[in-house]
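Chemist: how would this look folded up:
(one chain, ligands or ions: 1)
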Amino acid sequence: MTQIYAPNWEDIDPDDWASWPCRYFRPYEVCDRRTGKVKTTAEFLAWMDALREDFGQPIYINSWYRSPASNKAVSDTGEDGAHTTGEALDIRASLTDAFRIVEIAMKSGCKRIGLKQHGSIDQRFVHLDFDRSKPLPRFWTYS
Ligand SMILES: [Zn+2]
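Modeler: Residues are numbered from 1 along each chain as shown. I've put the predicted structure just below:
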């Protein structure tokens, strides 16, 4: 895997393909929203570009990378949740869009999928990850 890392999203030039091999998503969408730190892989960016291409419309990222401390603050998965790998994200999606994202993700090899599809529309999301240290295949829901 080719790691992509920066202490702050502003350190990455998103128009330089060598440092940011991604068409549809910008470093500020990938960064830890609390610290600005970016951590992901070229492979996961390429996978997300392909998913976005298949989906055919904009994708809104609720959360991508989270540092261990940031993850612990917002998730009961604590300091080693999937988001800390940089190969996990939450996509704001509901109804038909959520179904299509899950369908495309499964077709393209994602084996860990979480769903929150209750409550207000803007609180619903699809979690996708490739955390190889966790059990798979897995589906789960959020309360
Ligand atoms: Zn998530």
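Chemist: what secondary structure does Gly114 sit in?
Modeler: When classified by DSSP: H, G, I helix; E, B strand; the rest coil, Gly114 comes out as strand.
Chemist: Check the secondary structure at the nearest residue to it once chain neighbours are set aside for me.
Modeler: Sequence neighbours aside, His127 is the residue nearest to Gly114 in space, at 3.6 Å (criterion: Cβ to Cβ, 6 or more residues apart in numbering). For glycine as for every other residue, the C-beta is placed from the backbone atoms N, C-alpha and C. Under three-state DSSP, the three-state class of His127 is strand.
Chemist: just Glu79 next, same as before
Modeler: Strictly by three-state DSSP, Glu79 counts as helix.
Chemist: Tell me who's in contact with the residue in the chain that the ion sits nearest to.
Modeler: Residue nearest to the ion within the chain (Cβ to the ion): His127, separated by 3.5 Å. Applying Cβ atoms under 8 Å, 6 or more residues apart in numbering, we find His127 in contact with Ala82, Ala88, Leu89, Asp90, Ile91, Ile113, Gly114, Leu115, Lys116, Tyr142.
Chemist: neighbours around the first one, how many?
Modeler: It refers to Ala82. 23 (other Cβ atoms under 10 Å).
Chemist: And the pLDDT for the residue nearest the centre of the chain?
Modeler: Using Cα atoms, centre = their mean, the residue of the chain that lies closest to the mean C-alpha position is Leu89, 1.9 Å off. Listed pLDDT for Leu89 reads 98.
Chemist: Can you tell me the SS state at it?
Modeler: Applying three-state DSSP: Leu89 is strand.
Chemist: wait, isn't it in contact with Ile61?
Modeler: Yes: when contacts are counted by Cβ atoms under 8 Å, Leu89 is listed as touching Ile61 (5.8 Å).
Chemist: ok but Leu51 is inside a helix, no?
Modeler: Yes: under three-state DSSP, Leu51 sits within a helix.
Chemist: Need the three-state assignment for Phe139.
Modeler: Using three-state DSSP as the criterion, the local structure at Phe139 reads strand.
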